[in-house]
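Asker: Pasting a predicted model and its sequence here:
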Amino acid sequence: MPEPCHPDDLACSRFVQPPSTPTSSLPKPSQARRFGLSYIVLSIVAAALLTANATILQAMSSDLQTQKRQAQEASKPAEIELTAVTAPSCQNCFNLISLLGSLSANEKVKVVKTETVDYASAAGASIVKQYNLERAPAFIIKGETDKFLTAVPTVKSYGVLQDGDFVGKNTPAPYVETATGKVRGEFQVTYITEKQCAECYDPTVNRQALGQLGMRPTSETTVDRADPDGQKLVKQYSLTTTPTVILTGDLAAYVNFDQVWKNVGTAEPDGAYVFRSGQALMGTYYDLVTKKAIAPKNDETNTNTSTP
């Protein structure tokens, strides 16, 4: 039998087992797996956060660029094309050229093309049919219409959007009915003064009030109550106060005029409109029954005697 090797014998060292490491100092297999999974999860989360941050930064940059482009675009004037549909035969009709001229002069608007067409011409008839225009003058605006209406919102009252074009089909009277060629909205004003009453208001100031309603008389006449024509009107309309105003003509063409007038006057059977109850709002007026000048209630002098 071979002799047992001595521990100091190098030849025997390969047969000697090294002292074993305590198992408690090494990670268990389940712990190692947990550590590895945690590292992988953290890596995935970090990568996702980096990707999300990059996406957010890219989106913010894109939004800033979009806002910058929008601001630059908004600062530019709206580019439009103007077509004026006119009624040359109507000398008293609404001044369309003046309106379109003011649009062209607006720094927020750039007119790249203009065209003027008579509604009664072949080209005009085609436009009247295409946009269903019931009156002339009218106008058509093409191009950056939304931007234009934002820049000049007051124009909206003149019409409507139709297939992307703005159609100015609600121009004020006087105008021509495209179907009949009849002129609508022409009217006359007669101002009746009271020369015996120096403190009485001037009836021609009503011209301004009419203008605020978009009404421009075709003709104006001034007569005094004591003149033959004035006396005739006093009798015809049973006037009891002066100064006053009488309107005659096609006033039905003016939208809501009747509603406004009923607060200040009367509509007569012959179609005339007589200014009556609104006189107290104008200033001192003359009472033909009492033969006295009536001052406004807020005036220190309520009545003054005057020679008829």
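Answerer: Now that the structure is in, tell me what you want to look at. Numbers count the residues shown, from 1 in each chain.
Asker: Let me know the pLDDT of Ile246.
Answerer: Turning to Ile246, the model gives it a pLDDT of 98.
Asker: Neighbours of it, how many?
Answerer: For Ile246, the neighbour count with other C-beta atoms under 10 Å is 22. Where C-beta positions appear, they are placed from N, C-alpha and C, glycine not excepted.
Asker: Could you confirm it falls within a strand?
Answerer: Yes - assessed with DSSP: H, G, I helix; E, B strand; the rest coil, Ile246 lies in a strand.
Asker: Any idea what it is bridged to?
Answerer: Thr190, Val274 (DSSP bridges).
Asker: Quick one: residues contacting it.
Answerer: Taking C-beta atoms under 8 Å, 6 or more residues apart in numbering, we find Ile246 in contact with 189-190, 192, 233, 237, 272-275.
Asker: Repeat that for Arg184.
Answerer: Arg184 makes contacts with 135, 173-177, 250, 253, as judged by C-beta under 8 Å, 6+ apart.
Asker: Buried only: go through the residues you listed for me.
Answerer: Buried by 16 or more other C-beta atoms under 10 Å: 135, 173-176, 250, 253, out of the contacts of Arg184.
Asker: Now for the contacts of Arg184: which two are most distant?
Answerer: For these, the farthest-apart pair by C-beta to C-beta is Arg135 and Asp250; their separation is 13.1 Å.
Asker: Can you tell me which of the buried ones among the contacts of Arg184 end up in strands?
Answerer: Using DSSP state E to define strands, the subset of the buried ones among the contacts of Arg184 located there is 135, 175-176.
Asker: okay, the residues you listed in a markdown table with distance to Ile56 next?
Answerer: What follows is those, written out as a markdown table (distance: C-beta to C-beta, whole Å):
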| residue | distance to Ile56 |
| --- | --- |
| Arg135 | 56 |
| Tyr175 | 58 |
| Val176 | 62 |
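Asker: And the residues you listed, which is closest to Leu210?
Answerer: Tyr175 (16.9 Å).
Asker: Can you give me every residue that contacts the closest one?
Answerer: 87, 90, 93-94, 135-137, 183-185, 253.
Asker: swap the cut-off to 6 Å and go again
Answerer: Each residue near Tyr175 by C-beta atoms under 6 Å, 6 or more residues apart in numbering is listed here: 93, 135, 184.
Asker: One more: Pro137?
Answerer: By C-beta under 6 Å, 6+ apart, the residues touching Pro137 are 86-87, 93-94, 96, 171.
Asker: quick one: it and Ala209, what's the gap?
Answerer: 24 Å (C-beta to C-beta, to the nearest Å).
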